Structures are given as C-alpha cells and as structure tokens.
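A.B. asks: 3D, please:
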Amino acid sequence: MDKLVSIIVPVYNMEKLLPICLNSILNQVYKNIEIILVDDGSKDRSSKICDEYSSKDSRIKVFHQANMGIACAINKGLDNVKGDYILFVDSDDYISDQMVDRLLNVAEENDSDIVQCDYYAFQNEGGVGFIKNRGCEIIEFSTRNEILDDFFHHGYIMRNLSARIFKSCLFKNVRCEPGRQIIDAATLPELLIQCNKYIYISEKHYYVYERPSSVSRRAYSLGQWEDCKYGDAFIEQFIKEKCPSFIDYAYYKYTYTTMKAYFGMFFSPSNAERENILNESLILFKKYYPLFKNSKYCNTISNKEAFTYMLFNLYPNGFCIYRNAMFKFKTLLKKLIQ
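C.D. replies: Residues are numbered from 1 along each chain as shown. This is a model prediction of the structure:
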C-alpha cells in the first residue's frame, strides 16, 4: 500500500506537549506520510520545536503565520496537503504507532470515505503510554442518511475532526470558517454530506489531553455564544437545503441550545455583553420553541423535558434560579450521603 497520508497539526503555544505529539507521529509503522505543522504565531518555544523536528525529517513541512486562530491554521494545512488521505492531530494530543496503518487499511479494504477510531482521555502532561486494544467492534454506516442520523443523534460519530482518517477529496470545496472558536460542528457536516460510507472501529488509537482550561470546561464565553448564534444560519443554510429530513430534530436541539446559552450567562457578572447574550438567546428561543412544539419530534421527549421548555418559555429568569437552586441542593445532598 503506497497511499500518501497527510497529517495536519495546528500548533499554538504547546512547547511542553508538542514533542510527545510529534514523536508519536514519527513513530508510525506506516511510513508514507507527510506531516504538516502550522505554527499559528506561537509565543513560546513551539515555533523552534517545529523547525528542529523539520530539520531532522524531510517528511515534515512547517508553515509559520501570525496568530489567526485554529480555523486558519487548519486551512493553511489543507491548502498544502498532497496526500490521498488526511488525518488531524491536535498539538497537545498523541496517537498510537498503529493508528495510520490501521485506519488506512480499514479505509482501503472497505472503500470507506472516513474511518474513525475511539480515543482515550488523559490529564497527565506526560501522557499515559498506550492502551492495549482487546478485540475490535466495527460499525459501518453505508448510506448518507445513516451517517447523518448517527451524527445528529450523538451516536458513534464524534463531533470533531480528530481520531479519524478522511479521503482528501472530501476537502476539495470545504474549509473551516475563520474566527469560529469551535470549528468542528460547522465543518464536519459538510464532509459527512459527501460521505457514502463511514466506518467506526472501537480500538483506541487517539489520546486526548484534557486540560482545565479547555473550552468545554470554562464558563460560558463570548466565543461559545458566537457558535451558538451560528446554529440559526446552520439550520437555514445547511439543514433546510441539504438534509431537510432532519429539520424537526434541528428545531429540538437548537431550542435546547438557546436555552442553555441563556442559563449559561444568567449568573455571569452584569455587563453589556451579558445583557446582549441574554436578549439574543431569548429571541432565538422564542423563534424556535414554537417550531419545535409543532414538530413530530416534540412527541418523543419526556414529560419532564417538555415541562422544562414550557417553564423556561414562561419564566426564563425564574427557571434559571430554580435550576441553579436544584443543582446546589443535589450537590449538598450527595455530600451528606457520602
């Protein structure tokens, strides 16, 4: 097998973890790879580390640019790939030495557009070594409807670009949108809509570093709100035009997302940004809640969930105070029981 695999690594201020990441890529048993490092204006030693590794291995190409965000860094990598397949690795993560070989073999043997493996999360900056995979579950999605159904309903298909290999042709007309904080939710559907076959394997070949400052663990932020607002355009421009059969589910999820945005900002310090997000998220909720209520998906939720939406629709501030009080009560009760 002589297929070239392009591995894109966006880099920004990761001097401690970057060597672990790069060593794991260089140690691949499958050798026909090109490694594209895009240094997004790092202020630590990451830039020098990239150049040092490049000087020792001709398969590594380094691109330096001013800090423009991860979307622009990924796009820079995509603009310079030559491979038949593409794989993304975050600069604070690492991969098993079998990952490229294993995913590429599955892709080639099954003519799959995308092959995804499972992952292992770690919090130690030194990594956790490698986990021995015992057996392998293989799940195949062989139609676009099956693929999108699993994605939208949070099944096996993860909502990011890592831990999988893509046929490079999928990216011919797809790039990440600059300025977005969470790029995967916008980019991945554009790839899946082109996909004729998607395979998930349960083997863990990707190792994710979970740090306390990760986006998912911070308080609700302006960046997250910008991504929330994008959902409105996503429904209008993607769901309605390219996969209208999922419109009812989209109404349901976005109703929840706008409610979550309101709750996420409600207890933040009072300022103009907070007031703006509260007002805009409530407007969007009021737009989509009636659409969700009239959709067929409304009949599938529990009475408890239906009551939650109704309560928020009538008394958004009271709902937030109530939910926060219940959370504190349950936390206290759990401590008392222990």
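
A.B. asks: what's in contact with stretch 180-195?
C.D. replies: 69-71, 74, 113-114, 144, 147-148, 151, 157, 159-161, 166, 170-171, 174-177, 198, 215, 221, 223-224, 226-227, 230, 234, 238, 242-243 (CB atoms under 8 Å, 6 or more residues apart in numbering). Using the backbone N, CA and C atoms, a C-beta is placed for each residue, glycine as well.

A.B. asks: Which ones among the residues you listed lie within strands?
C.D. replies: 114, 166, 198 (DSSP state E).

A.B. asks: okay, these in JSON lines with distance to residue 302 next?
C.D. replies: Formatted as JSON lines, those follow (distance: CB to CB, whole Å):
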{"residue": "114", "distance to residue 302": "33"}
{"residue": "166", "distance to residue 302": "37"}
{"residue": "198", "distance to residue 302": "30"}
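
A.B. asks: Make sure residue 31 is indeed in a strand.
C.D. replies: No: the assignment for residue 31 is coil, going by DSSP: H, G, I helix; E, B strand; the rest coil, so no strand is present there.

A.B. asks: now the closest residue to residue 94 other than its chain neighbours, what's its secondary structure?
C.D. replies: Nearest residue to residue 94, sequence neighbours excluded (CB to CB, 6 or more residues apart in numbering): residue 24, at 3.8 Å. Per three-state DSSP, the secondary structure class of residue 24 is helix.

A.B. asks: Quick check: residue 24 touching residue 98?
C.D. replies: No: at 10.8 Å, residue 24 does not count as touching residue 98 under the criterion of CB atoms under 8 Å.

A.B. asks: Report the distance from the lowest-mean-pLDDT helix or strand in the chain to the chain centre.
C.D. replies: In the chain, no helix or strand scores lower on mean pLDDT, DSSP states H and E than helix 222-234, which sits at a mean of 84. Relative to the chain's own centre, helix 222-234 is displaced by 14 Å; criterion: CA atoms, centre = their mean, to the nearest Å.

A.B. asks: Enumerate residues external to that helix that contact any of its residues.
C.D. replies: 179-182, 185-186, 189, 215, 250, 254, 257-258, 260-261, 264-265, 273, 277, 280-281, 284, 287.

A.B. asks: Which of those fall in helices?
C.D. replies: 185-186, 189, 250, 254, 257-258, 260-261, 264-265, 273, 277, 280-281, 284, 287 (DSSP state H).
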